[in-house]
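Peer 1: Based on what follows, work out the 3D shape:
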Amino acid sequence: MLHREITTDIVVVGGGLAGVSAAISAARLGRTVALVGNRPVLGGNSSSEVRVWVCGATAHGMQRFARETGIVGELYVENQYRNPDGNPIHWDEVVFDAVRAEPNITLHLNTDVRWVDAADVDGERVIRSVTGWTMGSEIETVFHAAYVIDATGDGLIGHLAGADYRLGREAASEFGEEWAPEVADEEFLGSTLLFYTKDAGHPVRFVAPDSAKDILSTPIPRSRIIRSGDKGAHYWWIEWGGELDIVHDNERIRDELRSVIFGIWDYIKNSGTFDAETLDLEWVGAVPGKREYRRFLGDHVLTQHDILDQVDFDDQVAFGGWSIDLHPVEGMYAQHAGASQRYSNGIYGIPFRSYYSRNIANMLMAGRDISATHVAFGSSRVMATCAVGGEAAGTGAALAIEMGERPRELSGAHAERLQQVLLRQDASLFGVRNRDPLDRARDGRVSASSSETSLSAATDAAEREFGLDHDLGILVPIDPELRGLDVLVRVTADTTLRASLWTTGKRQNAVPVDRRMETWIAISASDEPQWVQLPLAWRPEEPENVVVVLHADAAVSVVLAQDGVPGVLALTHSPEADGDVNVEFDPDEALVAWPAHPLRGWVPRLEVHPPTAAYDASKAVGGYQRPYGGPQHWASTALGDEPAWLQVEWDSPVVPAEVRLVFDDDVDTELNTLHHHRSPHLVFPQLVRDYVVEGRRDGAWHPLVEVTGNRRRHRIHRLEAADAVDAVRIRVHATNGDRHARIVSLRVYE
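Peer 2: Residues are numbered from 1 along each chain as shown. This next block holds a predicted model:
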């Protein structure tokens, strides 16, 4: 046996996406990090060992403008480029490469941390070290660090250190949660195993192992959908163990899950009910994907109300958007649906106070073990949300070391600084402006070659017609005001069209919440499409989204154009709301009743009056960096032969050491590691492809950086020995397909 001791700034225990994001974020801020995981691969439940797809705030496309940015956003986009078929083996390497790229990270896989040295020091309880055993190498390692991040999922490190935590479900009376049980208990969401199949191209027989369960003796065939073509995460409902101890009964849970998988496959192959003669099992999981166990207590416990009311927090550092997604404790043996879901009207914030322990001074949490009730955990537990929390925890730990402050102080007096550091990294943060005092672009004057002022689609875009059998909503960013809008329609009989204007409740939302006004317009029948003027006017105190609803009218069809207009969406009103038949949901919830994905890529032919400022050059400097009451980026007019440009200039010279650019990668498009939903593009068309960063000196422009073939959202250009300049300009020569040059953020640091 080999014994060694390692001293590092931060030790992150847990190699899932939360731990990976925590480690990378801290390392990029200059901190040395030991990333310790007890599996041979990174990615946790998303890895090739377990193969759960990575879900997040987009909620499979239900939430709008909700895809995460920051580290997990980078992983999503890289996986889209490298791995369009969703191979979990390739996803492993995307995650591995992201960690390997950081010289400040030392990676310790197959290393199980079993011992924690915690003590009371100077009036506070701290973790002094954690000790791990590396299987296969017979190495015992003691990790000493100023901060420890528990990203284990099960919360083992905090448990061994004496951190306060909860197990199971709180009583409804404790936090006033409607979805909590009347009496607290220790029941959980269960664990899941998945399986993959393949078509062998020839008949394949299946002889069930002795362990296979006869599923006809269970409620499964009656309460769940089984199809021969489904595989992988389609079978998320193969879940069990909620009535047991998820950790201590892990082996029993695994065996039960495998017996059911083989029973389901026996049913598919040998019952004669399915067309499965040439299908064969390719892979069956052996590591249960756990959903729930310990939840540590921080200074704030995230609740059902925080999510559904979209509570604003002064120390918001991450966001979620997945439904409150609770499963019956009986799992796959329940007689009713495998999940019950409730959605917020848009993404919601998570405070930093939910990411550190209330009684262990140097421990932060990342992943499914953060400070949340069982009900709120039903939303915050999904992996992309865990990852953005990991980035917040890693950033918080790094900043705490730099400032010599504890996390509790960061959440109070230094919350804005923490948010600004996260925003500089392009982390998943909404509703926070760039107020970075070091960003010299904020001190300059911003201008551009042009800025788009129309919210209309390209005139040469393909068209189709949408009959108003149901209401149609049009999401429109209002900046600074609306005085009316024109819509192109086809009318088959004289009618009176009803239209109404709704606000969305929160600036991050994209569904109708509050009706403000309505109007009726008499229209005569015509063989040709005609423009209809809607006399709807609205002037908000600050830019926001509104939804104009064209109410159902059998005589009217709306002309749609196939073109992406930033910030404009078509929402179909679908009171019957198609969804997963294994899931119970409320069809009256705004997000469910007004889906945007049925018409994704299509926008109504419309003209908004007056011209909009939603794409003004000023949006790219000192702005929000993601959609919030509008698209929040600069967009040029349609690109022509000459490059479009965005610049910032100063009265006094600046010596630029770093230029940071954030380009638009359409955060309204859902990405999924296993491509449950597919995007046709390996690279987002909206991303700037070829550009030059220039500095102006003595009245002349000089190239500082030249880039071709860009496919990434966040680009950091460090300039060696740059001369003083009085302006910096970004000249965009080409995008990856979009007709506009779009820049979300331009920052300049000396």
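Peer 1: Next up, identify which helix or strand the nearest residue to residue 659 once chain neighbours are set aside is on.
Peer 2: Among residues not flanking residue 659 along the chain, residue 717 sits closest, at 4.6 Å (C-beta to C-beta, 6 or more residues apart in numbering). Quick note: C-beta positions are derived from backbone N, CA and C, even for glycine. Residue 717 is part of strand 714-718, with elements assigned from DSSP states H and E.
Peer 1: Residue 95 - that's part of a strand, no?
Peer 2: No. With DSSP: H, G, I helix; E, B strand; the rest coil as the criterion, residue 95 is assigned helix and is not in a strand.
Peer 1: where along the stretch 651-750 of the chain do the strands fall?
Peer 2: Secondary structure of the stretch 651-750 of the chain (DSSP state E, counting those that start in this stretch): strands at 658-663, 688-697, 700-707, 714-718, 725-735, 742-749.
Peer 1: what sits up against the last one?
Peer 2: Read it as strand 742-749. Applying C-beta atoms under 8 Å, 6 or more residues apart in numbering, the contact partners of strand 742-749 are 424, 426, 434, 436, 438-441, 444, 446, 566, 620-621, 623, 625-626, 632-636, 646, 648, 654, 656-664, 686, 688, 713, 728, 730, 732, 735.
Peer 1: Give me the subset of the residues you listed that lies in helices.
Peer 2: Cross-referencing the contacts of strand 742-749 against helices under DSSP state H gives residue 424.
Peer 1: Quick one, which of the contacts of strand 742-749 are buried?
Peer 2: 424, 426, 434, 436, 439-441, 444, 446, 566, 620-621, 623, 625-626, 632-636, 646, 648, 654, 656, 659-664, 686, 688, 713, 728, 730, 732, 735 (16 or more other C-beta atoms under 10 Å).
Peer 1: before we move on, the earlier item: what's the most buried one of the strands of the stretch 651-750 of the chain?
Peer 2: Greatest average neighbour count among the strands of the stretch 651-750 of the chain goes to strand 742-749 (a mean of 25), per mean count of other C-beta atoms under 10 Å.
Peer 1: Compute the inter-axis angle for it and strand 714-718.
Peer 2: Between strand 742-749 and strand 714-718, the angle comes out at 30 degrees (axes from the mean of the first three to the mean of the last three C-alpha atoms, to 10 degrees).
Peer 1: can you give me the strands in the stretch 401-550 of the chain?
Peer 2: 445-448, 463-468, 472-478, 484-491, 495-503, 514-523, 530-534, 544-550.
Peer 1: Same question for the stretch 151-300 of the chain.
Peer 2: Under DSSP E, counting those that start in this stretch, the stretch 151-300 of the chain gives strands at 165-166, 191-192, 195-199, 239-240, 279-284, 295-296.
Peer 1: Each with direction, which strands does the first one pair with?
Peer 2: Pointing back at strand 165-166 there. If you go by DSSP bridges, strand 165-166 pairs up with strand 295-296 (antiparallel).
Peer 1: Can you name the next helix or strand after the partner strand?
Peer 2: That would be, after strand 295-296 and using DSSP H and E, helix 304-308.
Peer 1: Would you mind extracting the C-alpha trace of that following helix into CSV?
Peer 2: Listed next in CSV are the C-alpha coordinates belonging to helix 304-308 (Å, rounded to 0.1, in the frame of the first residue of the first chain):
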residue,chain,number,x,y,z
GLN,A,304,-41.8,24.8,-3.6
HIS,A,305,-42.8,28.5,-3.3
ASP,A,306,-39.4,29.7,-4.3
ILE,A,307,-39.7,27.7,-7.5
LEU,A,308,-43.4,28.3,-8.5
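Peer 1: For that helix, give the mean pLDDT please.
Peer 2: Helix 304-308 carries an average pLDDT of 98.
Peer 1: do stretch 156-174 as well
Peer 2: 98.
Peer 1: Residues touching it, excluding its own?
Peer 2: In this structure, residues lying in contact with stretch 156-174 by C-beta under 8 Å, 6+ apart are 13, 113, 115-116, 118, 125, 127, 130, 148, 150, 155, 177-188, 293-297, 357-360, 363, 365, 369, 373-375.
Peer 1: Endpoints of it, how far apart?
Peer 2: The straight-line separation of the ends of stretch 156-174 (C-alpha to C-alpha, to the nearest Å) is 25 Å.
Peer 1: Okay, buried residues for it please.
Peer 2: Using 16+ other C-beta under 10 Å as the test for burial, stretch 156-174 gives 156-163, 165-170, 172.
Peer 1: what about it, distance to the chain center?
Peer 2: 26 Å (C-alpha atoms, centre = their mean, to the nearest Å).
Peer 1: and the strands of the stretch 151-300 of the chain as CSV, adding distance to residue 80?
Peer 2: Below are those laid out as CSV (distance: least, C-beta to C-beta, whole Å):
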stretch, distance to residue 80
strand 165-166, 36
strand 191-192, 25
strand 195-199, 21
strand 239-240, 28
strand 279-284, 23
strand 295-296, 32
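Peer 1: before we move on, the earlier item: of all the strands of the stretch 651-750 of the chain, which lies closest to residue 562?
Peer 2: For residue 562, the closest of the strands of the stretch 651-750 of the chain is strand 725-735, at 17.4 Å, according to C-beta to C-beta.
Peer 1: pLDDT of that closest one, averaged?
Peer 2: Averaged across strand 725-735, pLDDT comes to 98.
Peer 1: What are the boundaries of the helices in this structure?
Peer 2: Counting by DSSP H, the helices of the chain are 17-28, 70-82, 88-100, 156-161, 172-175, 220-223, 250-270, 304-308, 374-380, 383-403, 407-411, 415-424, 590-593.
Peer 1: For the second one, which outside residues touch it?
Peer 2: Going back to what we said before, that points to helix 70-82. Counting by C-beta under 8 Å, 6+ apart, helix 70-82 makes contact with 17, 20-21, 24-25, 54, 56, 67-68, 90-91, 93-95, 97-98, 384, 387-388, 390-391, 422, 425-428, 665, 667, 671, 673, 679, 681-684, 711-714, all of which sit outside it.
Peer 1: now do 6 Å
Peer 2: Residues outside helix 70-82 that contact it (C-beta atoms under 6 Å, 6 or more residues apart in numbering): 21, 24, 90-91, 94, 384, 387, 391, 426-428, 671, 673, 682.
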